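1. One predicted model, sequence on top.
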Amino acid sequence: SNPSKALTMATKQFDDLFLKENTTTKKPFFRGHTYLSNGEVKEWKGNTCDVRSPVLNSNSDSPNILGSYPMMTEESVLEVLDASVKAYNNGRGEWPSSTPATRISCMEKFLEGLKKKRDEIVNLLMWEICKTSADAQKEVDRTIKYIEDTIKEVKALENKESTFISDSGVFAQIRRAPIGIVLCLGPFNYPFNETYTTLIPAIIMGNCVVMKLPRVGVLCHFPTFELFRDAFPPGVVGIVSGSGRETLPPMMASGKIDSFAFIGTSKAADSLQKAHPKPHRLRVCLGLEAKNPAIILEDANIAAAAKECVVGALSYNGQRCTALKILFVHKKIREAFVAKFCEEVDNLKMGMPWEQGVSITPLPEEEKPKYLRELIDDALSKGAKVVNQRGNKIDRTFVAPTVLFPVNNKMRVYHEEQFGPLVPIREFEDIKEVYEYLDESTFGQQASIFTNNEKQAAALIDVLVNQVSRVNINTQCQRGPDSLPFTGRKDSAYGTLSVSDALRVFSIRALVAAKAEKPTQDLVNSIISNRSPNFLRLDYLF
């Protein structure tokens, strides 16, 4: 049989889930024809691109238009970049020369304004990328907390560094100084939170930043333009939008970017780094692909493991780098686990993101349903079956969560990061089969193990910590809390992010040192007493 015929795409079988004519939910419209440059929110008069919501109307294939954004040109983005270069002024600008206390004051002003924009941003996230109401609120609230925690961490760092050390006849004060110009790119799936996990630490450490908005998830940033303008000196933050292929290579090729913060694919990251004329000088922080496995051993609590794996694999439709993207289940419990897992999957509610209790929402990437169809067809043609009742159904932007079993290494879904509501399961009898998968995988972000056996857990932990960056025991893979390091091995990441780690990623250690001789000591004391420079100080931030 032709597996493509098994996948229904043309029929409107989920039509009752889409937007009804009598709905009371008000669609937002945001005409984002602006960009931020040199402390000014400037009107864009060139070409624009419509923002299409994945929320469609019943009995219609026509998209709901939520607004539009500028398709900026090479010339216009370089104007924004040059404004940031001028503001930084080789480290002599107002912002890189300012004290942490000054930067914190500006960030607190921005934070107060952001809190007032919360509900507007939440609504835009629901309509543009179909985050559920709970998840959209969580994303904005987590971002607010991240900024608050970053401010606390900067104070702690400042207070720790407000001292001198003495060694071998030399005394010195060591602090962290900004790197320069940071180009910051965030992803569509967490366009607000994950963008800010690099943007905020870069700013508060004294860098000047150009933020390129994602193509999908773009509108949630426009309400913040005036906040950045009013809270920070001109040129500290520049915001651009448009085609990545048109805007990013020219900025990188200019050689004016000192640090590159990017969340996306390794292919795009490699290409952009190569565009820089001096890549050896370019500092990078990369969050890339992942294919996080769950390993369910024979002694695992089947009900608890199945429930946790459903959340881990299908939260926000599986569109998370930290999602569980393949499940390895021991042969002895495979039948019971797969049955329980499929039961839990089929109980997930599909619907609009603002509806109560909804878990599965429309997909925001226009080509994703087609891609998932290709993965399913490929797996079916090579021996897999759809083992949950509601699986293998696609209607426009809705893709029903689909469980494939058994999968093998001949299938694309075994290797590729599906980034959607598609869960492949493979059984294993010998743990070496799992080790082989880990060895051959190009990814190394996280893994989850489900077991109550001390010896098996210990053995697995010792293997996994040298393959991935985080091992989760009897729980899903995840990023938080933000105090913990978030990184990866192989092609999954470069650099480490947490509230404290991010401050170090976007700064460099600098020091002032001298021989421990009285005339020089008196000079330094006088400098500090008169508060002459901003670098040498003994301040304490409360």
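-> That came through fine.

2. Give me the nearest residue to residue 395, chain neighbours excluded.
-> Distances taken as C-beta to C-beta, 6 or more residues apart in numbering put residue 14 closest to residue 395, at 4.0 Å, once the chain neighbours are dropped. (Each C-beta comes from the backbone N, C-alpha and C, glycine too.)

3. oh sorry, the question was meant for residue 443
-> In space, residue 443 is closest to residue 291, 4.5 Å off (C-beta to C-beta, 6+ apart).

4. Contact partners for that neighbour?
-> 325, 326, 415, 416, 417, 441, 443 (C-beta atoms under 8 Å, 6 or more residues apart in numbering).

5. For the stretch 151-300 of the chain, just list every one of the strands.
-> 165-167, 170-178, 181-185, 208-212, 237-240, 259-263, 283-287, 292-296 (DSSP state E, counting those that start in this stretch).

6. right, and residue 68 touches residue 32 too?
-> Yes. The pair residue 68 / residue 32 is scored as a contact, 6.4 Å apart, by C-beta atoms under 8 Å.

7. Look at those two and report which has more neighbours.
-> Taking neighbours as other C-beta atoms under 10 Å, residue 68 and residue 32 compare with residue 32 leading, 22 against 19.

8. how close does residue 420 get to residue 139?
-> 19 Å (C-beta to C-beta, to the nearest Å).

9. tally of neighbours for residue 283?
-> 16.

10. Read off the pLDDT value for it.
-> Note on residue 283: pLDDT of 97.

11. try residue 31
-> The score at residue 31 is 85. That number is its pLDDT.

12. now it, which residues is it bridged with?
-> residue 68 (DSSP bridges).

13. How many residues are close by it?
-> When neighbours are counted by other C-beta under 10 Å, residue 31 comes out with 13.

14. I figured it hits residue 67, correct?
-> Yes. Contact criterion C-beta under 8 Å: residue 31 and residue 67 qualify, at 5.4 Å.

15. Just send the strands of the stretch 151-300 of the chain back as CSV, with distance to residue 521 too.
-> Rendered in CSV, the data for the strands of the stretch 151-300 of the chain read as follows (distance: least, C-beta to C-beta, whole Å):
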stretch, distance to residue 521
strand 165-167, 10
strand 170-178, 7
strand 181-185, 37
strand 208-212, 35
strand 237-240, 40
strand 259-263, 36
strand 283-287, 35
strand 292-296, 55
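
16. so which of those gets nearest residue 519?
-> strand 170-178 (13.0 Å; C-beta to C-beta).

17. buried ones in the closest one?
-> By 16 or more other C-beta atoms under 10 Å, the buried positions in strand 170-178 come out as 171, 173, 175, 176, 177, 178.

18. can you check stretch 472-484 too?
-> The neighbour-count check on stretch 472-484 (16+ other C-beta under 10 Å) flags 472, 475, 476, 477, 478, 479, 482 as buried.

19. before we move on, what about stretch 484-502?
-> 486-502.

20. Residues touching it, excluding its own?
-> 146, 149-150, 153, 157, 197-198, 200-201, 266, 284-290, 321, 441-446, 467-470, 479, 482-483, 505.

21. Could I have the CA atoms of that stretch written out in PDB?
-> Output of stretch 484-502 as PDB, limited to C-alpha atoms (Å, rounded to 0.1, in the frame of the first residue of the first chain):
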ATOM      1  CA  LEU A 484      21.300  25.700  36.200                       C
ATOM      2  CA  PRO A 485      23.800  25.600  33.200                       C
ATOM      3  CA  PHE A 486      22.200  25.100  29.800                       C
ATOM      4  CA  THR A 487      24.600  23.800  27.100                       C
ATOM      5  CA  GLY A 488      25.300  20.700  25.000                       C
ATOM      6  CA  ARG A 489      27.900  18.500  23.300                       C
ATOM      7  CA  LYS A 490      28.600  17.800  19.700                       C
ATOM      8  CA  ASP A 491      26.400  19.800  17.300                       C
ATOM      9  CA  SER A 492      23.900  20.800  20.000                       C
ATOM     10  CA  ALA A 493      25.500  23.900  21.500                       C
ATOM     11  CA  TYR A 494      28.600  26.000  22.000                       C
ATOM     12  CA  GLY A 495      28.900  28.000  25.200                       C
ATOM     13  CA  THR A 496      26.900  27.800  28.400                       C
ATOM     14  CA  LEU A 497      23.800  29.700  29.400                       C
ATOM     15  CA  SER A 498      22.400  30.200  32.900                       C
ATOM     16  CA  VAL A 499      21.700  33.400  34.800                       C
ATOM     17  CA  SER A 500      25.400  33.500  36.000                       C
ATOM     18  CA  ASP A 501      27.100  31.800  33.000                       C
ATOM     19  CA  ALA A 502      25.500  34.200  30.500                       C
END
